[in-house]
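Participant: next input, structure requested:
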Amino acid sequence: MSGEGGGRAIPVSAIVVNFRTAAMTIDAVRALTDSDLDGIALDVLVVDNGSGDGSAEQLRAALPDARHFTTGRNLGYAGGNNVALRGLLADLPPEIDPDHAYVLLLNSDVIVEPDALKTCLAFIERRDNVAVVGPRVLLPDGQLDLACRRSFPTPGSSFWKLTGLARRFPDSERFARYNLTYLDEDQAAEVDAVMGAFMLLRLRAILQAGILDEGFFFYGEDLDWTYRIKAHGWKVVYYPRAIVHHLKGGTTRRHSNRMLVEFYRAMWLFYRKHYAERSIVLLKWAVLAGIVARGLLALGINALRPAARKRVA
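Facilitator: This next block holds a predicted model:
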């Protein structure tokens with residue numbers, strides 16, 4: 001799959017992980033392959049993450065031009081993507097230029113605007129110090145998905161989020177640091193992390209930082225990845241001129257309690273991996289206690305919600 005523009009086509013390998021959402025995955029891939037690919041050499045890699053419901057066969061039949069991978073069980077978001085990443089990295093052609101080759105992570109419940117990939121690619125190609133670009137991600141109601149531009153969850157920013165002060169004071173640079181709600185969503189900004197639902201990465205940065213950490217099952221792996229990438233001196237940018245639509249509800253809504261547990265577990269894993277060594281023992285216990293308490297509260301509240309309003313984070 002490739003564009004027909006003149007000159008050198010820029011290679012982009014798009015990875016889409018499916019877990020029991022075959023129809024949605026097919027729609028996501030087709031929206032991408034039907035988009036403006038002028039000057040882009042697009043390679044689509046589809047991973048069926050142990051669905052066990054016939055998804056793998058449906059995907060192969062509907063998407064014959066994609067490269068297909070299957071796993072024996074659900075490896076989580078990081079594990080599923082890593083199956084394709086390992087295959088991709090093992091088969092890199094010798095002529096590939098990792099400074100001008102890219103990997104796109106695309107959720108199965110994301111529909112791209114026709115120019116989203118091309119817009120992000122044009123932006124990152126003009127900036128040699130940028131390794132990761134994420135677009136404006138819109139929810140079905142047209143609101144911004146706040147996770148599409150974030151700071152790293154330090155103990156301080158996480159505290160303001162978990163206590164609700166971030167939501168109460170969305171324009172405060174101090175309290176709203178976690179989701180950066182004080183920034184203009186129409187303006188490009190250098191951030192700590194963008195969303196794994198649509199994340200365009202320079203291949204060079206992946207070769208330096210390594211693939212996703214499979215200790216994170218569904219949340220936090222994108223934060224951890226950009227943390228490691230930024231440690232190599234790269235920049236991460238939110239670029240709102242590119243727009244994608246996040247349907248949210250394919251896999252996670254059906255397993256909302258599991259996803260809530262994974263969300264708070266990921267917060268603890270990220271803290272333990274990147275901040276715990278620099279923290280005093282009392283702070284470590286306070287962080288763990290706060291995450292557990294907030295997680296239990298979230299599970300309790302979620303149990304009282306009707307099915308259509310279940311939260312997943």
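Participant: for stretch 202-220, C-alpha coordinates in CSV please.
Facilitator: Extracted in CSV, the C-alpha atoms of stretch 202-220 (Å, rounded to 0.1, in the frame of the first residue of the first chain):
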residue,chain,number,x,y,z
ARG,A,202,10.5,8.2,14.1
LEU,A,203,12.1,4.8,13.6
ARG,A,204,15.5,6.1,14.9
ALA,A,205,14.0,6.9,18.3
ILE,A,206,12.5,3.4,18.6
LEU,A,207,15.9,1.8,17.7
GLN,A,208,17.4,3.9,20.5
ALA,A,209,14.7,3.5,23.2
GLY,A,210,13.5,0.0,22.5
ILE,A,211,10.0,-1.3,22.1
LEU,A,212,7.1,-1.0,24.5
ASP,A,213,7.3,-2.3,28.1
GLU,A,214,5.0,-5.2,28.4
GLY,A,215,4.8,-4.7,32.2
PHE,A,216,2.0,-2.2,31.2
PHE,A,217,-1.0,-4.2,30.1
PHE,A,218,-3.3,-1.5,28.7
TYR,A,219,-2.5,1.9,30.1
GLY,A,220,0.8,3.7,30.7
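Participant: just want the most central residue of the protein.
Facilitator: Nearest to the geometric centre of the chain sits residue 196, at 0.5 Å (C-alpha atoms, centre = their mean).
Participant: stretch 180-189 spans what distance, first to last residue?
Facilitator: For stretch 180-189, the first and last residues are 10 Å from each other (C-alpha to C-alpha, to the nearest Å).
Participant: before we move on, what about stretch 35-55?
Facilitator: End-to-end span of stretch 35-55 (C-alpha to C-alpha): 24 Å.
Participant: try stretch 137-146
Facilitator: Length of stretch 137-146, first residue to last, C-alpha to C-alpha: 8 Å.
Participant: before we move on, what about stretch 94-114?
Facilitator: Stretch 94-114: ends 31 Å apart by C-alpha to C-alpha.
Participant: quick check: buried residues in that stretch?
Facilitator: By neighbour count on 16 or more other C-beta atoms under 10 Å, the buried set for stretch 94-114 is 100-113. Where you see a C-beta, it was placed from the backbone N, CA and C, and this is true even at glycine.
Participant: could the residues you listed go into TSV alongside secondary structure?
Facilitator: Output for these, formatted as TSV (DSSP: H, G, I helix; E, B strand; the rest coil):
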residue	secondary structure
100	helix
101	coil
102	strand
103	strand
104	strand
105	strand
106	strand
107	coil
108	coil
109	coil
110	strand
111	strand
112	strand
113	coil
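Participant: and the residues you listed, which two are furthest apart?
Facilitator: Greatest spatial distance among the buried residues of stretch 94-114 (C-beta to C-beta): 100 and 109, at 29.5 Å.
Participant: my guess is the residue nearest to the centre of the chain contacts residue 224, does it?
Facilitator: No - using C-beta atoms under 8 Å, residue 196 is not in contact with residue 224, being 10.3 Å away.
Participant: tell me where the protein has strands.
Facilitator: In the chain, the segments counted as strands under DSSP state E are 10-18, 40-48, 67-70, 102-106, 110-112, 130-138, 189-191, 198-202, 235-246.
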